[in-house]
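Enquirer: need coordinates for the following:
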Amino acid sequence: MGFTAWLIPLIITGLFGWGLACGVDVFDCFLQGAKEGLRTAASITPALVCLLTAVTMLRASGGLAVLTGFLRPATEALGFPAEALPLALLKPVSGSGSTALLHQLLEQYGPDGFIGRVASVLAASSETTFYAIAVYYGAVQVRRTRHTLVSSLAGDAAAMLMSALSVRLLLGA
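Expert: Coordinates of the predicted model:
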């Protein structure tokens, strides 16, 4: 067992020891933090339930396939493989759903092909935008997100286009 396996327990023990040495009621601080964490979890749960329901409905209804078919000509003209389009559309909404799609793409097309590489780069370079906005803004009770959604989705679109371009330029696919 290496040093890294002991690093986290050592840090936690050190923090507790330091708190005790400074006269801090460490247990009470821990309980207050846990209570605040539970309040935060309770406040963001409705947004997460709504988001997960919408993602499940989109996939189960075939809406994702319809949207992919509609956008296929545009993405192929831009050099982005249409097979990876469902991943690009689902990633801003659901991390676990997009991971499942990535797994399917890698099984179907392989990790070393153009589609697998583009999907891998896209999955690693984009964000679960709607989830992040729901969780972080919900936790601090922000109701008006202003330009966050538009700029985040622009970043996701840039990740989509650049994933195909970078795979072509760097890996020659």
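
Enquirer: element containing residue 23?
Expert: Assigning secondary structure by DSSP states H and E places residue 23 outside every helix and strand.

Enquirer: count the residues that sit near it.
Expert: 6 (other Cβ atoms under 10 Å). All C-beta atoms are positioned from the backbone trio N, CA, C, and that covers glycine.

Enquirer: same check, this time on residue 128
Expert: Around residue 128 there are 21 residues (other Cβ under 10 Å).

Enquirer: the nearest residue to residue 115 once chain neighbours are set aside: what's it in contact with?
Expert: Distances taken as Cβ to Cβ, 6 or more residues apart in numbering put residue 109 closest to residue 115, at 4.1 Å, once the chain neighbours are dropped. By Cβ atoms under 8 Å, 6 or more residues apart in numbering, the contact list for residue 109 reads 83, 115-116, 119.

Enquirer: what do you get if the cut-off is 10 Å, keeping everything else the same?
Expert: Contacts for residue 109 (Cβ atoms under 10 Å, 6 or more residues apart in numbering) come out as 81, 83-84, 115-119.

Enquirer: try residue 40
Expert: 135, 138-140.

Enquirer: I'd like to know how far it sits from residue 3.
Expert: From residue 40 across to residue 3, the span is 33 Å (Cβ to Cβ, to the nearest Å).

Enquirer: same thing with residue 71?
Expert: Taken as Cβ to Cβ, the span from residue 71 to residue 3 is 50 Å.

Enquirer: more crowded one of the two?
Expert: Legend: neighbour count by other Cβ under 10 Å for residue 71 and residue 3, higher for residue 71 (15 against 7).

Enquirer: which element is the more buried one on?
Expert: Using DSSP H and E, residue 71 sits in helix 63-77.

Enquirer: distance from the chain centre to that helix, please.
Expert: 22 Å (Cα atoms, centre = their mean, to the nearest Å).

Enquirer: so which bits of it are buried?
Expert: 64, 68, 75 (16 or more other Cβ atoms under 10 Å).

Enquirer: residues of stretch 127-146 that come out buried?
Expert: 127-131, 133-135, 137-138.

Enquirer: report pLDDT for residue 47.
Expert: We have a pLDDT of 69 for residue 47.

Enquirer: what's the answer for residue 162, then?
Expert: For residue 162, the model assigns a pLDDT of 93.

Enquirer: what's the answer for residue 81, then?
Expert: 91.
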